[in-house]
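>>> Need a 3D model of the sequence below.
(chains A, B, C, D and E)
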Amino acid sequence: MTQRVKEILSYYDSENPGVRSNIARFLNHGRLAGTGKLVILPVDQGFEHGPARSFAVNPPAYNPLYHFQLAIDAGCSGYAAPLGFLEAGAAEFAGELPLILKLNSHDLLLDERDPIPAVTGSVGDALRLGCAAVGYTIYPGSAMRREMYEELRAIAEEAKSVGLAVVVWSYPRGSGLSKEGETALDVVAYAAQIAAQLGANIIKVKLPSAHLEQAEAKKVYEAQKIPLEPLAERVRHVVQSCFDGRRIVIFSGGPREDDATLYEEVKAIKAGGGFGSIIGRNSFQRKKPDAIAMLHKIMDIYAA
Amino acid sequence: MTQRVKEILSYYDSENPGVRSNIARFLNHGRLAGTGKLVILPVDQGFEHGPARSFAVNPPAYNPLYHFQLAIDAGCSGYAAPLGFLEAGAAEFAGELPLILKLNSHDLLLDERDPIPAVTGSVGDALRLGCAAVGYTIYPGSAMRREMYEELRAIAEEAKSVGLAVVVWSYPRGSGLSKEGETALDVVAYAAQIAAQLGANIIKVKLPSAHLEQAEAKKVYEAQKIPLEPLAERVRHVVQSCFDGRRIVIFSGGPREDDATLYEEVKAIKAGGGFGSIIGRNSFQRKKPDAIAMLHKIMDIYAA
Amino acid sequence: MTQRVKEILSYYDSENPGVRSNIARFLNHGRLAGTGKLVILPVDQGFEHGPARSFAVNPPAYNPLYHFQLAIDAGCSGYAAPLGFLEAGAAEFAGELPLILKLNSHDLLLDERDPIPAVTGSVGDALRLGCAAVGYTIYPGSAMRREMYEELRAIAEEAKSVGLAVVVWSYPRGSGLSKEGETALDVVAYAAQIAAQLGANIIKVKLPSAHLEQAEAKKVYEAQKIPLEPLAERVRHVVQSCFDGRRIVIFSGGPREDDATLYEEVKAIKAGGGFGSIIGRNSFQRKKPDAIAMLHKIMDIYAA
Amino acid sequence: MTQRVKEILSYYDSENPGVRSNIARFLNHGRLAGTGKLVILPVDQGFEHGPARSFAVNPPAYNPLYHFQLAIDAGCSGYAAPLGFLEAGAAEFAGELPLILKLNSHDLLLDERDPIPAVTGSVGDALRLGCAAVGYTIYPGSAMRREMYEELRAIAEEAKSVGLAVVVWSYPRGSGLSKEGETALDVVAYAAQIAAQLGANIIKVKLPSAHLEQAEAKKVYEAQKIPLEPLAERVRHVVQSCFDGRRIVIFSGGPREDDATLYEEVKAIKAGGGFGSIIGRNSFQRKKPDAIAMLHKIMDIYAA
Amino acid sequence: MTQRVKEILSYYDSENPGVRSNIARFLNHGRLAGTGKLVILPVDQGFEHGPARSFAVNPPAYNPLYHFQLAIDAGCSGYAAPLGFLEAGAAEFAGELPLILKLNSHDLLLDERDPIPAVTGSVGDALRLGCAAVGYTIYPGSAMRREMYEELRAIAEEAKSVGLAVVVWSYPRGSGLSKEGETALDVVAYAAQIAAQLGANIIKVKLPSAHLEQAEAKKVYEAQKIPLEPLAERVRHVVQSCFDGRRIVIFSGGPREDDATLYEEVKAIKAGGGFGSIIGRNSFQRKKPDAIAMLHKIMDIYAA
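Prediction:
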């Protein structure tokens, strides 16, 4: 085990050895094993956005086995999906890569101002399917956030007691925020801090924009001259907001982007001290060889 | 056991042998045994629509034993009903065909925009009655969908742990959708995907129309040139949305139709790769010999 | 054990020895050990106000270990924080000072008239992390206060049954009160009484202003000539409202103030019979040596 | 994942994906990863034989960390020990190799004809410590065997439900057997079968002698001309007795032997189709470099 | 916190912060705080030997408060007693010193060859009384040892989950051993190892004699030239048998001895690397000032 991995694990020394082992599994798997960096493949869009919007552009991706194989072939650090997708391949790919069972899911068949995902899996499901972690999404800024925080807390306590790591997707949205505010630097940093305070072992946020949403926060950012540019500085601020870098925080891209932008973002994540990327649509919404090439290029940036 | 049945069962290799055995019971029963196709008789309309609307047109159908006998005589793959109907015949017909206990039911004595059925049976009931599966209905698009998804998840976890298969009726409705949207292709495909992600072993949806409901989805359907016609193509899209054909998905008709239409629909289901039909009102709302003839004709189409 | 500490503990003689031991741990720890006075470091602002607003002015404070070390180096009586911050240092600093796990937390990403914090930790978490007490915040005056009072009652019952002390932050706010009313003398005294009646072992309130909020109360304050000035008299009134001084009540400052004001307030707390201070932002929003010097000066005032 | 490992995992397709993942972890770890062979380090002798008898010949072995490091440095497939030894190193070596928590233990401070080990750990301990499997010892031939079989059955049911693999040490002894009979071919084969029938995923037995213990069995061995020599043939017979090679069966040596004998035994295990070795005393009762050299040599034989 | 205490705590890094905090409380309390040495007062003789045999020689010792005060006045590291004695003083002395609730107790009103103590307290009692640890006695060598080991394991799992440390008295006796064997070096070392393997955080054994009890062990002691003299070497061997010094092991004296012998024993414990003494009868079976003088002298030896 590398020094860097040992150092990261030391941040979690209040967790039991089971949780630490499972965090280690991600850090020691795939092409980035040992570097302290992670590239995770998440495929929850079938539930979150619907099947056609997710998979029609690359039809083999309708098949749940496709994503297991993609994550393996690309040497990803882990694979995250909801219950059905994991159940469809967990037996065939048993033991091949660390899995994250997403325990709550949200669909778009109803338009809501303050959504709350449904709990669609259990800690027992995660154990039975051989997962290394459970995942849970919170929406800070939503009027339903209290329900989500409390659900997460109960799930995290149960999961950790049986040695599973806890991954939190912290995505600001809801009636407390403007659309632009959802990715504002102050809001993303705050959402990351909330996830960390709720006991997340690994935190996933979106890349922050240079926008500042909240007036009270804006005063501080200006007074303290917290840099808003370049992106690497914003990443650094989010990392700092995750317990000064003592919690693993990884960044997602969002909808498909051109690759040059994507690689620039990855370079910024690395320069700012981020722990890696979680890349869904940019991975599976293209042909598999292209996806592997793209993921390898990203991993090379992190490993450099 | 035929190769096709073995292949279908292989899609469920994360499930325990009990669940797999019970899925196999449907696939190996009745006139379609071994073909990989299913025709199931569901009779929940007494609860869902009221007795007269359901049975007055063919009074022997008031008798719950009638439906067991019809399913047996017609060589159906299984029979699904709520608690009372199953309790009324499960002893007399013990061991004669695979049963599905529908665990939630909804009535029409109150008009609701966002309905949620009541849980009217338990996993324990299903075991005690000798059922091979439990059934549960979700309404994607309803403001109550979170409660339904969470109830289903808990029931599915319990049912599978004792070896019962899980059948999900996924019927879009509620304030998120227009009336036409309830059977829109994008919505039906999405609803089927949600059921699969929630862990359904067998999914039941309505035949989709060529309508597209959601603007964001429509863009993708047009960009990717997903065909809206003929019906067989729409079926194919729904099958694809059920994990690329790795989950059994069957289609319902709806209110009584003329038989020619019905047979055309079955041909389309077959042509599109669907796994079969679930035919209630069209079966029991006619004289029994006619019903058997009609069901045999449908089975012949599937078996051809 | 000093006479004063023994006297204070005697106020709690209906509690089990575990609770009393844990109250004693605060009274016998740090530079004020044995004096009957407490200075506690609370760091919940990362969750309550966001990371930048809390820590940017003194960036080492982003690191959760910083606060453990600050509380130890300054000789504080205890340290209070939410789950994540305690998990991040509880192993490394095991046994070094009495800890309070704050069991509910509130963020500012949604503006609410009648807020209620989320429950973000459990009594089990407090035991597993080696805490001496749990903390809980109530907002008297909020339309959600009943939920908070009932949640607190259940948590307090559980916590005391396993020997943990219960610390209540009682912060009036919500649609029942004007902004000025939140720190009005009658309201703060009332809020302190409510916490005491709910079974709090240690009560934390804000320093009261000379404002009187409620008309019915105002009549009595005037009729009974309850002095509104100076501050020490207001403190004395709050202490009296906490069961005539038979419950530990400590006072918070709020946002950073100039030090002269701070020391005057501490002198008033002491003169009015208050049990001490809980000082967050004024501690960690300055360089560590300055913070220690300031905290020592405050402790010297209490100890004099 | 190699074809051989996939083939072995296919033997366990009634287990849930969690159990299969954990079996895979042993098969994919260390120097024999992917070969389908295992060399496991077990260190339960401190409890089973006492500390001096176990460790005095190589005093660094008194330290529990020594064994973790030895297993890692030698590239073993896994490490098995009782609760205390695992607790002593599970945090420091979190994630470094697959662990087996031995759930029952026996000491020699009382001489018994029909011993039964005490249950000294739980499935919960195994999860909390990050183990891949639990271990349990049965003594077929003991008057207490029923208690052991029933205890094992309950533990195995619980362990598998949370995805842990089950390793059974099957050591014939007790009033039903002569001393020579404890390693008799018919008895070892029978004991291996019992473990397999009790649901063991991995079976550990001693190398069988050419002795036949039971008269009724002897008749069959002679009638069927089951070969008693050479050792490889006896191994083959035990492998056959473990569901015709469809359960992983590994062999232990026993007290320290000269290395030439040891290597001959390993060659015989390989020739007879055995899955590997579990080598305790021969590993840790010599200097660490010698142990590593010896273990590598054994692994080379298996890998050849 | 001293380096030595930090080092000792690091041996327990698989335990949660609560357990580590409570181990730290013993190491940081009393006159030996910070030295890594412990002197604990145990008073279970009222139950174990009867009141007159225990207290008549110094009648104030009939009063349970006497022992709390003695432990405090002498600056002991902690105090251990059964339920009744702790309940009698835990409120009055709340928070004054770390307590150990002995959870099983044995009396002499029945003469048994293979005794097993009764469980006379619970983990819940320990929390309610404000204890830092639970204590449990095992008798290796007894035909009832399996019941004791299993009881201890269950209690230890529960106690640790709520942050309590686990202290095990490991006293060989029963039909497996001769009278002389109960304190034989090989037996004491073996008994200490068993306690450590069962998950004990602190182990208490009797000082071993130079006798060797078991023939198989004797061979090893002679072959490996494990020194039997002087006493310090025997202590060193027991310390080594407690995971090479990575578990706290303390030694008891037994019946009242002359003080010179007692001090020599303490010097030997120190010289052999033992962690301290647990001294009951030699403490309370003399006048309090004499007891304090004696305990201080012992502590001075350890602290030197």
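
>>> Near A:Glu265, how many other residues are there?
Neighbour count of A:Glu265, defined by other Cβ atoms under 10 Å in any protein chain shown: 22. To be clear about C-beta, it is placed using only N, CA and C from the backbone, and glycine gets the same treatment.

>>> What of A:Ala90?
Residue neighbour count, defined by other Cβ under 10 Å, stands at 28 for A:Ala90.

>>> Next, the contact list for the closest residue in space to it that isn't next to it in sequence, please.
The shortest distance from A:Ala90 to any residue other than its chain neighbours is 3.6 Å, reached at D:Pro17 (Cβ to Cβ, 6 or more residues apart in numbering or on different chains). When contacts are counted by Cβ atoms under 8 Å, 6 or more residues apart in numbering or on different chains, D:Pro17 is found next to A:90-91, A:94, A:128-130, B:14, D:163.

>>> Is the spatially most central residue of chain A part of a helix or strand, or is it coil?
Note on chain A: the residue nearest the mean C-alpha position is A:Lys204, at 3.4 Å, using Cα atoms, centre = their mean. With DSSP: H, G, I helix; E, B strand; the rest coil as the basis, the three-state label of A:Lys204 is strand.

>>> okay, it: pLDDT?
As predicted, A:Lys204 sits at a pLDDT of 98.

>>> And A:Gly254, by the same measure?
Model confidence at A:Gly254, given as pLDDT, is 63.

>>> Does stretch A:166-180 reach chain C?
Yes: where contact is defined by Cβ under 8 Å from any Cβ of the partner chain, part of stretch A:166-180 touches chain C, namely A:172, A:174-177.

>>> any chance you could map the strands in the stretch 1-150 of chain A?
A:38-42, A:78-81, A:99-102, A:104-105, A:118-119, A:133-138 (DSSP state E, counting those that start in this stretch).

>>> how about these in a markdown table, adding mean neighbour count, distance to chain E and mean pLDDT?
Supplementary listing: the strands of the stretch 1-150 of chain A in a markdown table, determined by neighbours: other Cβ atoms under 10 Å in any protein chain shown; distance: least, Cβ to the nearest Cβ, whole Å; pLDDT from 0 to 100:
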| stretch | mean neighbour count | distance to chain E | mean pLDDT |
| --- | --- | --- | --- |
| strand A:38-42 | 26 | 24 | 98 |
| strand A:78-81 | 27 | 24 | 98 |
| strand A:99-102 | 29 | 24 | 98 |
| strand A:104-105 | 26 | 27 | 97 |
| strand A:118-119 | 20 | 25 | 97 |
| strand A:133-138 | 27 | 20 | 98 |
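
>>> nearest to A:Glu158, of the ones you listed?
Proximity to A:Glu158 (Cβ to Cβ) singles out strand A:133-138 among these, at 8.9 Å.

>>> quick one, the closest one and strand A:202-206 angle?
40 degrees (axes from the mean of the first three to the mean of the last three Cα atoms, to 10 degrees).

>>> got a list of contacts for strand A:133-138?
Contacts of strand A:133-138 from elsewhere in the structure, counted by Cβ under 8 Å, 6+ apart, are A:22, A:26, A:78, A:80, A:98-104, A:106, A:117, A:121, A:123, A:126, A:145, A:148-149, A:151-152, A:155-156, A:159, A:164-171, A:191, A:194-195, A:198, A:201-202.
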